[in-house]
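Asks: requesting a structural model of the entry that follows:
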Amino acid sequence: MKTFNLKGLGVALITPFKSDKSIDFDALDILVERLIAADTDYIVVLGTTGETPSLFPEEKKEIRDFIVKIVNGRIPLVLGIGGNSTMGVVKDIQSTDLSNFEAILSVVPYYNKPSQEGIFQHYKTISEVSPIPVILYNVPGRTGVNMTAATTLRIAKECENVIGVKEASGNFTQIQEIIKNKTPDFTVISGDDSITYPLMTLGAEGVISVIGNAYPKEFGQMVRLCLEGKYDEALPKHLQFMELFNLLFVDGNPAGVKCTLNAMGLIENELRLPLVPTRVSTNEEIHRITSKITE
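Replies: Presented below is the predicted three-dimensional model:
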């Protein structure tokens, strides 16, 4: 089975919109080129940060095809394919051209709150049909159900096509248990920018990042220093983002990072309903902090 190195900085790519709410492909091109120039390790296409719930199926295909074309093999790509219908996810996997992607990132089924056995069977089913590796994505704040450490470890042990987990539970005890008991070939990835540094000191091997959309070079340096065990050097780079970490999510994701990218002159500050831009007070604070970081 094909393998993929998940270490380092992965970026959960946003979807930029124009003022008429259509996809801004020119801005998307610029963002992707910035990530490549900053030596980002891989890009996650059509994840939650890309506002996929508000994209039409034909738009998702347009984005996939566009990114594959402009990347042209220069950086590894991971594709978000998930849902709360196992057979629906299977159908999406089987009907999508995955030849240009290294892995699938698939979220724990949301809303219908499956049992731990249901979560296991869900991932077992999709891992068996996927022609490329699968990355688990545990984010109980969004899905309404937590995938326990025991379930994660069981999937890792029994589903050979599952190669890692993006852990965004924020539960340090749970994540440490996974790190302690996992096999060497299973990768634990931070799903939360603000705790990436402490998680990497514990044994996580990278992050799928939101802030990396705006600061791929600077945040990537912190991640790489951690991978090299240079935690003393990495700490100041982590601390410089502390104010921004909090502001990025206070009004929801990706509202915060889109505000940041707008402050940097890279995109229009547009989201699709039901998501809306950050409040004026948050916007002002983000602009203030962004000017400090870029000085």
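Asks: out of the helices and strands in the protein, which is least certain?
Replies: helix 280-293 (a mean of 88; mean pLDDT, DSSP states H and E).
Asks: convert that helix to PDB, retaining C-alpha atoms only.
Replies: Coordinates of each C-alpha in helix 280-293 appear next as PDB, following Å, rounded to 0.1, in the frame of the first residue of the first chain:
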ATOM      1  CA  VAL A 280     -15.300  45.000  13.800                       C
ATOM      2  CA  SER A 281     -13.400  44.800  17.100                       C
ATOM      3  CA  THR A 282     -11.800  41.400  16.100                       C
ATOM      4  CA  ASN A 283     -11.000  42.800  12.700                       C
ATOM      5  CA  GLU A 284      -9.200  45.800  14.300                       C
ATOM      6  CA  GLU A 285      -7.200  43.600  16.600                       C
ATOM      7  CA  ILE A 286      -6.100  41.200  13.800                       C
ATOM      8  CA  HIS A 287      -5.000  44.200  11.700                       C
ATOM      9  CA  ARG A 288      -3.000  45.500  14.600                       C
ATOM     10  CA  ILE A 289      -1.300  42.200  15.300                       C
ATOM     11  CA  THR A 290      -0.700  41.400  11.700                       C
ATOM     12  CA  SER A 291       1.200  44.600  11.200                       C
ATOM     13  CA  LYS A 292       3.400  43.700  14.200                       C
ATOM     14  CA  ILE A 293       4.200  40.200  13.000                       C
END
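Asks: elements contacting that helix?
Replies: Applying 3 or more CB pairs under 8 Å, 6 or more residues apart in numbering; DSSP states H and E, we find helix 280-293 packed against helix 242-250, helix 255-263. Every C-beta, even on glycine, is put in place using the N, C-alpha and C of the backbone.
Asks: looking at the ones you listed, which is buried most?
Replies: Comparing the helices and strands packed on helix 280-293 on average neighbours per residue, with mean count of other CB atoms under 10 Å, the densest one is helix 255-263 at a mean of 25.
Asks: for it, what is the average pLDDT?
Replies: If you average the pLDDT over helix 255-263, you get 97.
Asks: got the angle between that helix and helix 242-250?
Replies: 120 degrees (axes from the mean of the first three to the mean of the last three CA atoms, to 10 degrees).
Asks: what does helix 255-263 rub up against?
Replies: 14, 16, 31, 49, 210-211, 213-214, 244, 247-250, 267-271, 275-278, 282-283, 286-287, 290-291 (CB atoms under 8 Å, 6 or more residues apart in numbering).
Asks: for it, output the C-alpha coordinates as PDB.
Replies: The C-alpha trace of helix 255-263 is given here as PDB (Å, rounded to 0.1, in the frame of the first residue of the first chain):
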ATOM      1  CA  ALA A 255     -13.400  34.000   9.500                       C
ATOM      2  CA  GLY A 256     -10.300  34.800  11.500                       C
ATOM      3  CA  VAL A 257      -7.700  33.700   9.000                       C
ATOM      4  CA  LYS A 258      -9.600  35.300   6.100                       C
ATOM      5  CA  CYS A 259      -9.500  38.600   8.000                       C
ATOM      6  CA  THR A 260      -5.800  38.100   8.500                       C
ATOM      7  CA  LEU A 261      -5.200  37.400   4.800                       C
ATOM      8  CA  ASN A 262      -7.400  40.400   3.900                       C
ATOM      9  CA  ALA A 263      -5.200  42.500   6.200                       C
END
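Asks: understood, closing this out.
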